[in-house]
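J.: Okay, here's the prediction I keep looking at, along with the sequence it came from:
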Amino acid sequence: MTIISDQHVQSETHAGLVRRLIARWREDPSATYNSWFLWDERLKNFRSIRRGIIQVVGEIERGTFGVAYRGSSLETVVHSVAEQRQIFKGADHAFLWKPKLRIPDIYESPGNQRAFGRLLDACSCCDTAEEIIGHIHAIDRLKIKGLGPAVANLLYFLHPTLVPPFNTAIVKGYNALTGANVKLGSWEHFLAMRAGILDLNDRFRDLLSNDLGAIGGLLFDIGSDRYPAPPLDVSGGALASWGQRLEAARQEARTLSKAALREGENERTHTEIQAWLRDLGLALGYDVWIAANDRSRVFDGSPLGAGCLERLPDTIATSKGADSIRLIDVLWLEKGSDHVAAAFEVEHSTSIYSGIVRMLDLALSGSELHATAGLFLVAPDAREADVRAQLQRPAFSRVADLDISYLPYGELEKNREAIGRFGSGLKAIKAVASKLA
């Protein structure tokens, strides 16, 4: 069976058209390259998703995972993946229990569940593509009903340079771009597509990335009919038609730029809230740390990290949970010390899952931070009910044990100046927040 079309028979003209397509795609502010791949929150969630996968593996090994997707640690992880904007929307469909089909058969079958756990555990620990492919072949030989290549979306967050993301649109886009005939639901076809994606990525790496999320986003946008794949037959008529469709995509991108600007406003609002917390912390006499990947973001004409710590104290920077701690939106530290007084996660336009998962990551990191600091989820006023509902989930039981509070935007905006002028310590900020535990 021939799955991958012979890339070598494609002319240089076709390669040139693909290059032209990628360049045009990268310029579009609403394409996945700009709206997801370069999105700061994408990288912040990698470690939390990995931590969640480790929790799933641990529960399966201990026999405490349960027999249902809803409310499980797996649902928590998959929702964290699904919130990664449009490319992973619907990622949980493959894991939802379908009773009539009895798939995916990892809930009612303890043996299949343990095999699934072994796959995640083995791929968490291995370092090479050969090892990953070997573990995929091992799970494929078991023929577990309904457990197919959608699992690759979890493996991508473990090994983004070795495993591409996977969904219907990505498969459709790959087939359109290469003339292949990859089928959904087959690990064999997925591995063949992976080989073809790596080849494409190597050929156009100067426009893409070592992280296969970039080319995954390109294929997603092609498969979603946002961008037309260049014709494999580069005859005059087909080429002219493709050029017209590519120009139409450019015009559509300009039309969609207003929506992209609105999304940009959402991002600036997130930055604005961080700036409020930064200024308030400085006014209260704390040293302030801004998330490492947010420090250079500009607010009111200056970098968000201006006037803040340039590096975390050594005791924190070398702690077990350092990778997670350095990405928390805002930290307040006692002046000149390594004692963290408060930690703030700001959630604006994304699912509240991301902030909670990062708090969970912090709780499981072994760090002493959570033992003494005030922890705050900062979000729009209307989201408190959603936060409280999520904290009732078994997967978040450790977070619910922490001294964690909900700080609404409205209360922060209304009281921040008075707190900065007349407040001291955390008493005033805790007074306008509400306990979540």
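T.: That came through, no problem.
J.: helix/strand/coil for Lys335?
T.: Secondary structure state of Lys335, per DSSP: H, G, I helix; E, B strand; the rest coil, is coil.
J.: Quick check: it touching Val288?
T.: No - using C-beta atoms under 8 Å, Lys335 makes no contact with Val288, being 10.4 Å away. From N, CA and C alone the C-beta is placed, and that goes for glycine too.
J.: Looking at the two, which is more packed in?
T.: Val288 (21 against 11; other C-beta atoms under 10 Å).
J.: did I read that right, that one in a strand?
T.: Yes - secondary structure of Val288 (three-state DSSP): part of a strand.
J.: That one reaches Leu282, doesn't it?
T.: Yes - under the criterion of C-beta under 8 Å, Val288 makes contact with Leu282 at 5.7 Å.
J.: shared neighbours of the two, anything?
T.: Gly307, Cys308 (C-beta atoms under 8 Å, 6 or more residues apart in numbering).
J.: Which residue ranges of the stretch 251-400 of the chain form strands?
T.: 287-290, 298-299, 302-303, 330-333, 340-346, 374-379 (DSSP state E, counting those that start in this stretch).
J.: Export those to a markdown table and append columns for mean pLDDT and distance to Val163.
T.: Listed next are those as a markdown table, based on pLDDT from 0 to 100; distance: least, C-beta to C-beta, whole Å:
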| stretch | mean pLDDT | distance to Val163 |
| --- | --- | --- |
| strand 287-290 | 96 | 32 |
| strand 298-299 | 87 | 34 |
| strand 302-303 | 92 | 35 |
| strand 330-333 | 94 | 33 |
| strand 340-346 | 90 | 28 |
| strand 374-379 | 88 | 31 |
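J.: Run through the protein and note the low-pLDDT ranges.
T.: For the chain, the stretches with pLDDT under 70 are 1-12, 236, 254-268, 348-354, 360-372, 395, 398-401, 437.
J.: re the thing from before, what would the strands of the stretch 251-400 of the chain look like in a markdown table with distance to Leu142?
T.: Listed next are the strands of the stretch 251-400 of the chain as a markdown table, based on distance: least, C-beta to C-beta, whole Å:
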| stretch | distance to Leu142 |
| --- | --- |
| strand 287-290 | 47 |
| strand 298-299 | 52 |
| strand 302-303 | 52 |
| strand 330-333 | 45 |
| strand 340-346 | 39 |
| strand 374-379 | 40 |
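J.: Out of those strands, which gets nearest to Lys98?
T.: With C-beta to C-beta, the closest approach to Lys98 among the strands of the stretch 251-400 of the chain belongs to strand 374-379: 33.2 Å.
J.: who's in contact with Trp332?
T.: By C-beta under 8 Å, 6+ apart, the neighbours of Trp332 are Gly281, Leu284, Tyr286, Asp287, Val288, Val340, Ala341, Ala342, Ala343, Phe344.
J.: switch the cut-off to 6 Å
T.: Gly281, Tyr286, Ala341, Ala342 (C-beta atoms under 6 Å, 6 or more residues apart in numbering).
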